[in-house]
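Chemist: Return a 3D structure for these sequence lines:
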Amino acid sequence: MDGIDACAGVEIYNASCDIEQDRAHAGARTDVWLAMGHRLSLIATDDTHYPGFDDFRAWTMVHAQERSRAAVMAALAAGRFYASTGPRITALAVHDGVLTVRTTPVRSIAALANPPFGAQVRAGFHSLAYGGRRLRTGDGQALEGINEGDHLTGAHFAWNSAARYTRIAITDERGHRAWSNPIWPA
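Modeler: Alright, predicted model coming up:
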């Protein structure tokens, strides 16, 4: 990133790199650049170098007002999108110093920030909820993800005032992931 004055974003995941060399993820480098203050958006692609082998494995989910080129371009410019290889981030909200994440069923939800800050909630018996809180089940009787085979559909994370940014990474039971754009403090 040295010498680059402007950059729209970074490929957090590339399916072709996964197929070719097991070098699909750019999370560690991304966190270094974000910690340096670079305001980057995160995208996922599959490039389709080998049709039939590396296509339909990664994409960028855009929250556009309508299905039109203008609406999609406006959503991309505003950062209203996230990167995915399968699971969905259905809502992100910061209220009273708490970041609430909602997702499709997943095994883990991480709130990553400039190192060494971060937190993670994992599903399963004896799984740790480090720095985050589980949501209550739909009936309100228990916490999500406390039994083996359970899933999470969200989590709460206290906003760490020492964090320069926070980004969400989720992983489903098949190991497929999704990544939010960085959330910068107000």
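Chemist: longest strand of this protein?
Modeler: Criterion DSSP state E: the longest strand present in the chain is strand 98-106.
Chemist: Just list what it packs against, helices and strands only.
Modeler: strand 89-95, strand 108-113, strand 152-158, strand 166-171 (3 or more CB pairs under 8 Å, 6 or more residues apart in numbering; DSSP states H and E). Glycine gets a C-beta too; all of them are placed from N, C-alpha and C.
Chemist: Can you say which of the ones you listed is packed in most?
Modeler: strand 108-113 (a mean of 25; mean count of other CB atoms under 10 Å).
Chemist: any low-confidence regions in this protein?
Modeler: Within the chain, the set of residues satisfying pLDDT under 70 comprises 1-2.
Chemist: all strands for it, in order.
Modeler: 9-14, 41-45, 59-62, 81-84, 89-95, 98-106, 108-113, 118-122, 129-130, 132-134, 152-158, 166-171, 177-180.
Chemist: Which of the ones you listed sits closest to A74?
Modeler: A74 sits nearest to strand 59-62 of all those, at 9.7 Å, using CB to CB.
Chemist: Can you name the residues in contact with the closest one?
Modeler: 43-46, 72, 75-76, 80-85, 88-89, 178 (CB atoms under 8 Å, 6 or more residues apart in numbering).
Chemist: and those residues, which two are the farthest apart?
Modeler: The most widely separated members of the contacts of strand 59-62, counting by CB to CB, are D46 and R80 (21.3 Å).
Chemist: Just want to know which of those two has more residues nearby.
Modeler: D46 (22 against 16; other CB atoms under 10 Å).
Chemist: Would you enumerate the residues in contact with the more buried one?
Modeler: N14, A15, S16, D54, D55, F56, R57, A58, W59.
Chemist: Export the residues you listed to TSV and append columns for neighbour count.
Modeler: Shown next, in TSV, are these (neighbours: other CB atoms under 10 Å):
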residue	neighbour count
N14	22
A15	23
S16	20
D54	20
D55	14
F56	11
R57	21
A58	27
W59	19
